[in-house]
Each structure stands twice: as C-alpha cells, then as structure tokens.
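Trainee: curious how this folds, go ahead:
(one chain, ligands or ions: 1)
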Amino acid sequence: MRHQSVIEWWKFVKASGSWADDHTTLGRPHGLHLLTMSSDTTPLDTDNPRRPRVSRRRMIVGGGVGVSALALGRMGSGSVGAVAGELNEPGSALETATRVTTTTTTTTTTSVPPTPGDLGVDEILFPIIVGPDDSCFVSDNFGACRSGCSRRHEGTDIMADHLLPIRAVATGVLTKKYVDTGKTYGAGNGWTLFDADTNITWKFFHMDHHADGLEVGDTVEFGQVIGAVGNTGTSGAFSDTNYHLHFEYRPENIPRNSYQLLQRDPNVTFA
Ligand SMILES: [Zn+2]
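Mentor: Just a heads-up that it's a prediction; the model follows:
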C-alpha cells in the first residue's frame with residue numbers, strides 16, 4: 001500500500017568553525033522550506049524535562065510482507081573514511097543542522113524484531129526504530145570539521161523524529177551513562193555500550209531520556225530499546241527541534257565511519 005505523505009527531513013550543514021558562525025552561514029536549499037533558522041541557546045528546562053509521549057512509531061508487526069521488510073539495503077552515498085587517526089579529542093558532539101520540509105513517498109509495510117542474522121557482512125543494525133511514516137535522515141558527517149578543524153566529528157548524526165526508540169546495535173554492557181545537565185553542551189542523555197565479543201564500543205548521544213530501569217553495568221540485548229531520540233546537550237543549543245542521535249562506532253575504541261555500514265530498511269524513506 002503506497003501513499004503520499006509530507007515528511008519532514010533535515011539537511012545537515014557541515015560545520016566550518018564555531019557553530020554560531022555555522023548557523024549564520026546556513027544556506028537555503030533550493031525549493032525547500034526551512035522550518036528553523038534561528039539559533040536558540042536557551043538552556044534546557046530541567047524542571048520540565050520532555051517526557052515520553054505516545055511513540056510515533058507506526059511499525060506493523062505481522063501481515064503480508066513479513067521478514068522481507070528487514071531485507072538489507074543501503075541508500076545514499078558516502079565514504080567509509082579513515083580519518084580516525086585525527087579523532088583523539090572527546091566531546092565531538094557539536095552539531096549544526098536545519099530542518100526542512102519536502103514531499104516524498106513512503107511505503108507502508110511490516111516489520112519484525114531484528115536478529116543478528118538479519119545483518120549482512122559488516123552491517124550495523126540501524127540504531128533507531130524507524131517506521132514507514134516516520135522521518136529520518138542520516139548525515140554523512142563523520143570526520144566533519146569542528147572548532148575550525150581543530151577536531152573532528154567522531155560520529156554519524158541521524159536526524160529523526162522526536163522520541164523514536166533508540167536500540168542497542170549489539171549485545172553488550174552499558175559502561176557509561178551520560179546524564180543531561182540542562183546545559184547546552186556535551187552529550188546530553190546518552191550511553192556508552194561495549195561489546196566484548198567484538199571489542200566494539202558504541203556511543204549514543206543527545207537522547208531524550210534513557211529507557212527505564214537501565215543503569216551502568218547492565219547487559220542489553222541486540223535490538224533492545226535503550227532510549228529515545230531527543231535534543232539534549234549540545235544538540236539542544238542549536239535549536240529546540242534539532243532532534244537527532246549522535247552515533248559513534250568505535251572498533252577497538254577508535255572512531256570509524258558507520259555511514260555506509262548502517263542498515264537501512266528499504267521500506268523506509270531516508271530523506
Ligand atoms: Zn554528532
């Protein structure tokens with residue numbers, strides 16, 4: 001069943017200096033309406049944290065399409081860079097992004113819980129559960145300049161609807177819990193996940209909230225929901241609607257580009 005829908009998507013604008021400077025240099029993509037252009041540096045209101053609303057996820061379990069909905073597919077282009085050697089500085093979660101609107105076509109389909117067997121060689125489970133009516137845009141921004149190129153962006157930013165579920169991309173142990181301070185810097189709410197079997201470390205920043213009950217030291221399973229898409233930490237400094245996940249993929253704890261490795265459900269439109 002196909003239908004037309006207007007989805008929001010985001011266009012990432014690579015940083016070339018401080019983000020204040022970045023923001024003043026944002027261009028307006030041809031034919032696209034920018035929903036947010038102004039910089040909002042108002043600290044997050046810690047007394048009124050955003051709490052989960054009913055998930056906008058519209059995944060349909062069961063039905064006619066079945067497992068094929070998780071057939072592996074890749075979209076977009078980009079390079080699997082090897083600039084990790086330059087990526088030694090922490091706190092690379094600075095973001096610049098703008099939300100734009102366009103019209104596209106999505107396909108309603110079915111989905112089933114993922115298993116590691118659904119992944120192809122070198123594929124990474126997509127860290128956000130995205131339904132066919134949800135919005136998502138993967139920024140090919142690993143290694144992008146930050147602070148005038150004095151450091152590099154160590155992750156891949158995935159712009160997505162507020163509160164879409166974030167899931168563990170591997171079975172492993174939560175080794176660090178980042179808690180939003182209400183300030184507009186840093187990781188916001190986040191996790192570090194470590195998979196001892198593969199010696200890969202994963203990081204998830206700017207979450208709205210952590211999944212209930214999870215703490216450092218807990219083991220989470222492949223596909224388990226660990227949080228929800230938010231706009232905390234540095235992300236929230238940019239605008240009140242800069243919802244995205246800063247996702248880091250660190251084999252042997254060295255940041256690597258996950259852009260092309262991320263599994264994209266072929267039945268979801270990634271703008
Ligand atoms: Zn980021």
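Trainee: isn't Pro116 right up against Glu221?
Mentor: No - using Cβ atoms under 8 Å, Pro116 is not in contact with Glu221, being 10.2 Å away. All C-beta atoms are positioned from the backbone trio N, CA, C, and that covers glycine.
Trainee: just for this structure, where's the confidence low?
Mentor: 1-112 (pLDDT under 70).
Trainee: and the closest residue to the ion within it, what is it in contact with?
Mentor: Per Cβ to the ion, His246 is where the chain lies closest to the ion, at 3.3 Å. Counting by Cβ atoms under 8 Å, 6 or more residues apart in numbering, His246 makes contact with 93, 95, 155-157, 187, 190, 203-206, 235.
Trainee: for those, could you give me a markdown table that also reports distance to Phe270, neighbour count and secondary structure?
Mentor: As requested, the contacts of His246 are arranged in a markdown table below (distance: Cβ to Cβ, whole Å; neighbours: other Cβ atoms under 10 Å; DSSP: H, G, I helix; E, B strand; the rest coil):
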| residue | distance to Phe270 | neighbour count | secondary structure |
| --- | --- | --- | --- |
| Ala93 | 22 | 24 | coil |
| Glu95 | 18 | 31 | coil |
| Gly155 | 17 | 28 | coil |
| Thr156 | 13 | 28 | strand |
| Asp157 | 13 | 28 | strand |
| Ala187 | 24 | 26 | coil |
| Gly190 | 23 | 27 | strand |
| Lys203 | 21 | 22 | strand |
| Phe204 | 19 | 28 | strand |
| Phe205 | 20 | 29 | strand |
| His206 | 19 | 30 | strand |
| Ser235 | 19 | 28 | helix |
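Trainee: need those in CSV (columns: distance to Leu262).
Mentor: Listed next are those as CSV, based on distance: Cβ to Cβ, whole Å:
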residue, distance to Leu262
Ala93, 18
Glu95, 18
Gly155, 12
Thr156, 7
Asp157, 12
Ala187, 20
Gly190, 18
Lys203, 14
Phe204, 13
Phe205, 16
His206, 17
Ser235, 19
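Trainee: tell me the one of those nearest Glu123?
Mentor: Comparing the contacts of His246 against Glu123 with Cβ to Cβ places Thr156 closest, at 14.0 Å.
Trainee: isn't that closest one right up against Ser139?
Mentor: Yes - contact criterion Cβ under 8 Å: Thr156 and Ser139 qualify, at 6.6 Å.
Trainee: rewinding a little: please report how far the residue of the chain closest to the ion lies from Val173.
Mentor: 20 Å (Cβ to Cβ, to the nearest Å).
Trainee: cool, Asp265 as well?
Mentor: For Asp265, the distance to Val173 (Cβ to Cβ) stands at 27 Å.
Trainee: which of these two has more residues huddled nearby?
Mentor: Per other Cβ atoms under 10 Å, whichever of Asp265 and Val173 has more neighbours is Asp265, with 23 against 14.
Trainee: once you drop chain neighbours, what's closest to Pro251?
Mentor: Leaving out its chain neighbours, the residue that sits closest to Pro251 by Cβ to Cβ, 6 or more residues apart in numbering is Ile200, at 5.1 Å.
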